[in-house]
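In: 3D model of this:
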Amino acid sequence: MDNNIKVTHDVLSKRFYCITGGCVSCVEYRKYKGREGIIEIYHTLVPEELRGQGIASIIMNEVVRYVSENGLKVVPTCSYARKIFERDENRHLIAHV
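Out: Numbering: from 1, shown residues only. Next up is the predicted model:
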């Protein structure tokens, strides 16, 4: 996988995304039930033809960095996000709501 993938954070659309091979892959989030400082990660999308190449992991690493740097907590309702945030090194970022 190309480690030079540029991940963009679109604050207005509340998503992190990259364009690879003309296809968009993304992680989408929203404010959790109107609560400040807590976001819900509810969707991860990597087009079928790009799956298995580590793209979701690259995007999610940017999400983890952003959450950590901004003092946020996460409610990971997407199964992939849950897998990432339940790792020992990221568990402290989960909001217990």
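
In: need the contact list for residue 67.
Out: By Cβ atoms under 8 Å, 6 or more residues apart in numbering, residue 67 lies in contact with 39, 73-74, 93. For the C-beta atoms, the positions are set from N, CA and C on the backbone; glycine is no exception.

In: is it true that it lies in a strand?
Out: No. Applying DSSP: H, G, I helix; E, B strand; the rest coil, one finds residue 67 to be helix, outside a strand.

In: Could you check the pLDDT of it?
Out: If you check residue 67, the pLDDT there is 97.

In: Residue 21 too?
Out: 88.

In: Which positions within stretch 8-19 qualify as buried?
Out: 14-18 (16 or more other Cβ atoms under 10 Å).

In: ok, now stretch 48-57?
Out: Under 16+ other Cβ under 10 Å, the buried positions of stretch 48-57 are 50, 53, 55-56.

In: Need those residues in TSV (columns: pLDDT).
Out: Listed next are those as TSV, based on pLDDT from 0 to 100:
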residue	pLDDT
50	94
53	93
55	96
56	97
